[in-house]
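> A structural model of the following input is requested.
(one chain, ligands or ions: 3)
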Amino acid sequence: MTIDSTIYAMRRKRLLETMQRGIAIVPTAPEVARNGDTRYGYRFDSNFYYLSGFAEPEAVLVLVASQDKNSETQSILFCREKNLEREVWDGYRTGPDAAKDEYGFDAAYPIAQLDEKLAELMGNQPALFYPVGHDTAWDQRILRLRGEVQAKARSGIRAPNEIHDVRTLLNEMRLFKDEHELMMMRHAAEISTHAHRRAMRFTRPGQFEYQLEAELLHEFCRHGARFPAYPSIVAGGAHACVLHYVGNNARLKDGDLLLIDAGCELDGYASDITRTFPVNGRFSAAQKDVYELVLAAQSAAIAVARPGKTWNAPHDAALSVLAQGFIDLKLCQGSVDAVLESESYKRFYMHRTGHWLGMDVHDVGNYKTGDNWRALQTSMVFTVEPGCYIRPADDVPQALWNIGIRIEDDVAITELGNEVLTAAAPKTVAEIEELMRT
Ligand code: GLY
Ligand code: MN
Ligand code: MN
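Ligands and ions are numbered 1, 2, ... in the order given. Sure, this is the predicted structure:
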């Protein structure tokens, strides 16, 4: 594999500059047992991969920001040693020597030397940065090592006095996507649009939801995205009103809608698309009324996703449209202001209109600065995903029962407005019906 190690080296440099002083410890994720001696497919820790590009388990990145301007700042990887016997069974291991050269670290050591070297590296560092509280075993390990350094006080070595959560710095960095990330996210989004088109083409009454799930996975994998970014939601009829439905095991009925919320992960980057369409390829009049409403809400939200607006502007824009629509559909009563004020819309629209998107599907980054929603800025990426979920009830028009609709796209803020990364997934009634007819 060829790795553009400079991207990761630049990110490490930026983190070191933000830290100013001290030592940062960023472990990758553990392997997780599924059952017996079988493991879940391995997924690295997002922060670790963001800073290293190194995908193997059992690895830790250590960054040392020196206060001494003459001493070199150090970027050190601890990873598995080469082991020809294990490699026969489990596959290639890069090993410290090759990792140092290929990934551009200042040094690399076997993971077995981590404790010993860390205790040395922590000495005389004023501050310690790591993901505090993320993993109890790491909390204990790091405090134990710090204790070992403290025990050397009489020989003049000081232990770090301050402990900071390195994620506070990393979350803010990751919120603003660099060129490489935007490229990866465009690509992940594009693959997911292919998957949604394929699902629309393959959907027929009588199929099981999991058969469409298989079509999605087929398309992800076919394009090199080996894993979904989150469990796919394939929800026919009333199941669409269960927000996190992942059973995916029911038969699709003629006359029902199908809601699919699915996106692939590509080289650590998520995409997140929802489309809702008729199982038989034609929207009924009632389905179309609700669909057009959600689509109008989404258009209104995307229209205000631009620099100078706040994080909450798309949500507010979607809500205003939905509130009026819920009144027109006789789902809510009173004026738009009254519906918004009383939050009676929440019975039919109970989630927010989006979330940051990046290496994690619900990505890191604060939504507020102090008490205020933060301003949207170039290279932030998030989803815009209004919906409407109507459960049967005596005070709800029967024609609308069990209609569940969500429309979700991935949007990057640009200098002039935004770029909808997932625009190639059919979205209007005409586009969907056309695709499903052919
Ligand atoms: N697929 C998860 C979400 O839409 O938030
Ligand atoms: Mn989402
Ligand atoms: Mn989604």
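> What ranges does the stretch 301-438 of the chain have for its strands?
In chain order, the stretch 301-438 of the chain shows strands spanning 368-369, 372-373, 381-384, 387-389, 404-406, 409-413, 418-420, with DSSP state E, counting those that start in this stretch as the criterion.
> Which residues of the protein lie near ligand 2?
When proximity is defined as CB under 5 Å from the ion, the chain approaches ligand 2 at 272, 383. In this view, the C-beta of every residue, glycine as well, is placed from N, C-alpha and C.
> Where does the prediction get shaky in the chain?
Counting by pLDDT under 70, the low-confidence segments of the chain come to 1-3, 67-71, 73.
> Close to ligand 1: what parts of it are there?
230, 261, 272, 355, 361, 385, 408 (CB under 6 Å from any ligand atom).
> give me phi/psi at the first one?
What it means is residue 230. Taking degrees, to the nearest 10, you get phi -170, psi 160 for the backbone angles of residue 230.
> before we move on, what about the fifth one?
Backbone geometry at residue 361, expressed as degrees, to the nearest 10, gives phi -60, psi -40.
> start the count at 155, not 1, going forward
OK, 155 is where the count begins now, so the last one is residue 515.
> shouldn't it be in contact with residue 422?
No - between residue 515 and residue 422 there is no contact under CB atoms under 8 Å: 11.6 Å.
> My assumption is that residue 299 lies in a helix; please confirm.
Yes - counting by DSSP: H, G, I helix; E, B strand; the rest coil, one finds residue 299 located in a helix.
> List the contacts of it.
Contacts were defined as CB atoms under 8 Å, 6 or more residues apart in numbering; by that measure residue 299 touches 269, 272-273, 276.
> longest helix anywhere in the chain?
Scanning the chain for the helix with the most residues, using DSSP state H, yields helix 333-356.
> in the following helix or strand past it, what's buried?
Moving toward the C-terminus from helix 333-356, the first helix or strand encountered (DSSP states H and E) is helix 363-376. Within helix 363-376, the residues scored as buried using 16 or more other CB atoms under 10 Å are 363, 365-371, 373-374.
> How about the residue of the stretch 455-592 of the chain found nearest ligand 2: what's its closest non-neighbour residue?
Relative to ligand 2, the nearest point of the stretch 455-592 of the chain is residue 537 (4.1 Å; CB to the ion). Excluding the flanking residues, the one nearest residue 537 by CB to CB, 6 or more residues apart in numbering is residue 508, at 4.3 Å.
> burial count for that neighbour?
Per other CB atoms under 10 Å, the neighbour tally for residue 508 reads 23.
> Hmm, it is touching residue 534, no?
No - the pair residue 508 and residue 534 fails to qualify as a contact (CB under 8 Å) at a distance of 10.9 Å.
> Spatially nearest residue to the residue positioned nearest the centre of the chain (excluding sequence neighbours)?
Nearest to the geometric centre of the chain sits residue 515, at 1.7 Å (CA atoms, centre = their mean). When the adjacent residues along the chain are set aside, residue 515 lies closest to residue 424, with 4.3 Å between them (CB to CB, 6+ apart).
> Dig out what that neighbour forms beta bridges with.
Using DSSP bridges, the beta-bridge partners of residue 424 come out as residue 419.
> if you go through the stretch 155-304 of the chain in chain order, where are the helices?
In the stretch 155-304 of the chain, the segments counted as helices under DSSP state H, counting those that start in this stretch are 159-173, 200-206, 238-244, 249-257, 268-276, 290-304.
> who's in contact with the closest residue to residue 526 other than its chain neighbours?
Once its chain neighbours are removed from consideration, residue 526 has its nearest residue in residue 464; the separation is 7.4 Å (CB to CB, 6+ apart). By CB under 8 Å, 6+ apart, residue 464 lies in contact with 526-530.
> secondary structure class for the residue located most distally from the centre of the chain?
Here the centre of the chain is the reference, and by CA atoms, centre = their mean the most remote residue is residue 308, at 47.3 Å. Under three-state DSSP, the three-state class of residue 308 is helix.
> gap between it and ligand 3?
According to CB to the ion, to the nearest Å, residue 308 and ligand 3 sit 57 Å apart.
> what about the residue in the stretch 155-304 of the chain that ligand 2 sits nearest to, distance to residue 272?
Of all residues in the stretch 155-304 of the chain, residue 200 sits closest to ligand 2, at 16.5 Å by CB to the ion. Using CB to CB, to the nearest Å, one gets 22 Å for the distance from residue 200 to residue 272.
> With residue 499 instead?
Computed as CB to CB, the residue 499 to residue 272 distance reads 52 Å.
> before we move on, back to that, identify the residues contacting the residue nearest to residue 537.
Contact criterion CB under 8 Å, 6+ apart gives 455, 468-469, 536-539, 565 as the residues in contact with residue 508.
> Can you check those residues and name whichever has the most neighbours?
For those, counting by other CB under 10 Å, the largest number of neighbours falls to residue 468: 30 neighbours.
> Surely it is in contact with residue 507?
Yes - counting by CB under 8 Å, residue 468 sits close enough to residue 507 to count as a contact (5.4 Å).
> okay, and the common contacts of those two?
The contact lists of residue 468 and residue 507 share 455, 538, where a contact means CB under 8 Å, 6+ apart.
> now residue 293, nearest residue through space, not along the chain?
Here the nearest residue to residue 293 in space, its sequence neighbours aside, is residue 287; by CB to CB, 6+ apart that works out to 6.5 Å.
> Phi, psi for that neighbour please.
Here is the backbone geometry of residue 287 (degrees, to the nearest 10): phi 80, psi 0.
> repeat for residue 329
Dihedral pair for residue 329: phi -60, psi -30, per degrees, to the nearest 10.
> Residue 271: neighbour count?
What residue 271 shows, counting by other CB under 10 Å, is a neighbour count of 16.
> Residue 287 and residue 296, how far apart?
If you measure residue 287 against residue 296 using CB to CB, the figure is 11 Å.
> Verify the contact between residue 300 and residue 279 for me.
No - contact between residue 300 and residue 279 fails when scored by CB under 8 Å: they sit 9.9 Å apart.
> Have a look at those two and say which one is more surrounded.
Applying other CB under 10 Å to residue 300 and residue 279 shows that residue 279 carries more neighbours, namely 23 against 19.
> Bridged to residue 560, which residues?
residue 541.
> Kindly report the residues of this protein close to ligand 3.
Counting by CB under 5 Å from the ion, the residues of the chain near ligand 3 are 415, 426, 562.
> Nothing else from me, thank you.
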